[in-house]
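[1] could you look at this predicted model? Sequence included:
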Amino acid sequence: MEILKIILTWVDMLIMAAFIGLVAIQTSRSEGIFSPGASDSMFGKAKPGFEDNLSRLTLILAVTMFALTAIVTYMP
């Protein structure tokens, strides 16, 4: 059981490093609807771009990191 805890701890640390890296390279989305081209993305069917995929991956890594941290913390 101790080996599993060590492995999960290392996986959690790797996911945390990847999560921090993804957050660091993302651009801000605080422009809102007044940025150029915002109406195209609001009313048109825009294809998901690199930023959208990066945002989705960041969310997945955040949830995974949270779950792994909880598992490792409360593991006997």
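    Noted; the coordinates are in hand.
[2] could you pull out the helices in the chain for me?
    Taking DSSP state H, the helices of the chain run over residues 2-25, 38-43, 50-74.
[3] with mean pLDDT added, can I get the ones you listed in a markdown table?
    Shown next, in a markdown table, are these (pLDDT from 0 to 100):
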| stretch | mean pLDDT |
| --- | --- |
| helix 2-25 | 92 |
| helix 38-43 | 54 |
| helix 50-74 | 89 |
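[4] turn these into a markdown table, including mean neighbour count.
    C-betas here are computed from N, CA, C, even on glycine. Putting the helices of the chain into a markdown table (neighbours: other C-beta atoms under 10 Å) gives the following:
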| stretch | mean neighbour count |
| --- | --- |
| helix 2-25 | 13 |
| helix 38-43 | 10 |
| helix 50-74 | 13 |
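[5] can you tell me the closest non-neighbouring residue to the spatially most central residue of the chain?
    Nearest to the mean C-alpha position of the chain, by C-alpha atoms, centre = their mean, lies residue 58 at 1.3 Å. In space, and not counting its chain neighbours, residue 58 is closest to residue 22: 4.7 Å by C-beta to C-beta, 6 or more residues apart in numbering.
[6] the one you found contacts residue 56, correct?
    No - using C-beta atoms under 8 Å, residue 22 is not in contact with residue 56; the gap is 10.5 Å.
[7] correct me if wrong: the residue nearest to the centre of the chain contacts residue 21.
    No - using C-beta under 8 Å, residue 58 is not in contact with residue 21; the gap is 9.8 Å.
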